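> After the sequence you'll find the predicted model.
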Amino acid sequence: MNRLKDKVAIVTGGAHGIGAAITRRFCEEGARVVIADVNRTDGETLARSAGALFVTVDVSDHAAVGVLVDQVVRRHGRLDTVVSNAAIFQAGRAEDISPAAWRAVMDVNLAPTYHLAHFAAPHLRRQPGASLLITASIQGMVGFKAYAAYAAAKGGLLALMRQLAVDLAPQVRVNAISPGTINSHPEHPLDPDVERTWAARHLLARIGLPVEVANAAVFLASDEASFITGHNLVVDGGLTARGE
């Protein structure tokens, strides 16, 4: 349970859902985690229970991300891992979605990974075993109806991940996780019909849990993945393998 012992990690969007599960698992594995989120209520509650630190940050703001990274390095003296996980969801076809909604999805889902890489790269390069981990989505790989902005942002993240892996090598490993259908808030039961419909699309006949994505994140951030970079780890219960 010490695979991330003493590593300093930033988890954006870490106050709820998949981000919260990553925060908890990183803390359980010995990391010193800084949660960066706009959700102050949930973030502070999680920080107290998990043993993390919460900082209110709008990761769509380039300068604010720079301040975040500087604060973390000043406080801890190092930065080992960055998890770019913040995201918002906006459904709609390209012909229907407004320019403002499109920009908002790009500003939160895609741009923050650039902001984080821009400011964190010099610090990550100094730490043996450093890594940058991006939460992408299977929607960056396959198409679903009426998800134009979300799919474009997640596909962009996968391309950016590969480019960052090239640019930050050999000092920093850069990888992505692409979740399938995840019940991001398992404490709130889904509509049974909706859950059955989505579960049937997965080879494992169920939808996933946030902790199952978080376990993959722990692996990729740990020294167990020391020869893995430029990789997209699909955690989707076989949804994309099914090909429907």
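Arrived safely, thanks for sending.

> Need the contact partners of the lowest-mean-pLDDT helix or strand in the chain.
Every helix and strand in the chain was compared by mean pLDDT, DSSP states H and E; the lowest is helix 192-199, with a mean of 90. With contacts defined as Cβ atoms under 8 Å, 6 or more residues apart in numbering, helix 192-199 is touched by Thr181, Asn183, Ala205, Arg206, Ile207. From N, CA and C alone the C-beta is placed, and that goes for glycine too.

> Repeat that for stretch 84-91.
Against stretch 84-91 from outside (Cβ under 8 Å, 6+ apart): 11-14, 18-19, 22, 36-37, 59, 97, 101-102, 104-105, 108-109, 112-113, 116, 132-135, 146-147, 149-150, 157.

> Now go through the residues you listed and say which are in strands.
Val11, Thr12, Ala36, Asp37, Leu132, Leu133, Ile134, Thr135 (DSSP state E).

> number of nearby residues for the third one?
Looking back up the chat, that one is Ala36. Counted with other Cβ atoms under 10 Å, the neighbours of Ala36 add up to 33.

> okay but it is in contact with Leu68, surely?
Yes. Between Ala36 and Leu68 there is a contact at 5.6 Å, judged by Cβ atoms under 8 Å.

> Now do the shared contacts for those two.
With Cβ under 8 Å, 6+ apart as the test, Ala36 and Leu68 both reach Ile10, Val55, Val57, Val59.

> you'd agree the second one is in a helix?
To tie it back to what came earlier, the one meant is Val55. No. Going by DSSP: H, G, I helix; E, B strand; the rest coil, the assignment for Val55 is strand, not a helix.

> quick one: low-confidence parts of this structure?
Counting by pLDDT under 70, the chain shows low-confidence ranges at 244.

> Which residue ranges of it form helices?
17-28, 40-50, 62-76, 99-109, 111-124, 148-168, 192-199, 210-221, 239-242 (DSSP state H).

> Dump the ones you listed into CSV; add distance to Met141 as well.
Below are the helices of the chain laid out as CSV (distance: least, Cβ to Cβ, whole Å):
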stretch, distance to Met141
helix 17-28, 17
helix 40-50, 29
helix 62-76, 27
helix 99-109, 15
helix 111-124, 17
helix 148-168, 7
helix 192-199, 17
helix 210-221, 16
helix 239-242, 6
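
> Nearest to Val142 among those helices would be which one?
Nearest to Val142, of all the helices of the chain, is helix 239-242, at 5.8 Å by Cβ to Cβ.

> elements contacting that closest one?
For helix 239-242, there is no helix or strand it packs on, judged by 3 or more Cβ pairs under 8 Å, 6 or more residues apart in numbering; DSSP states H and E.

> So for it, what gets flagged as buried?
Leu239, Thr240 (16 or more other Cβ atoms under 10 Å).

> Extract the CA atoms of it and return them as PDB.
Output in PDB follows, covering the C-alpha atoms of helix 239-242 (Å, rounded to 0.1, in the frame of the first residue of the first chain):
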ATOM      1  CA  LEU A 239     -17.200  -1.700 -24.500                       C
ATOM      2  CA  THR A 240     -14.900  -0.700 -27.400                       C
ATOM      3  CA  ALA A 241     -13.800  -4.300 -28.000                       C
ATOM      4  CA  ARG A 242     -17.500  -5.200 -28.600                       C
END
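
> let's have the chain start at 42 instead
With the count now opening at 42, the last piece we talked about shows up as helix 280-283.

> Return the distance of it from the chain's centre.
Counting by Cα atoms, centre = their mean, to the nearest Å, helix 280-283 is centred 21 Å from the centre of its parent chain.

> what's it in contact with?
Ile179, Met182, Val183, Gly221, Thr222, Arg242, His243, Leu244, Val275.

> I am finished for the moment; much appreciated.
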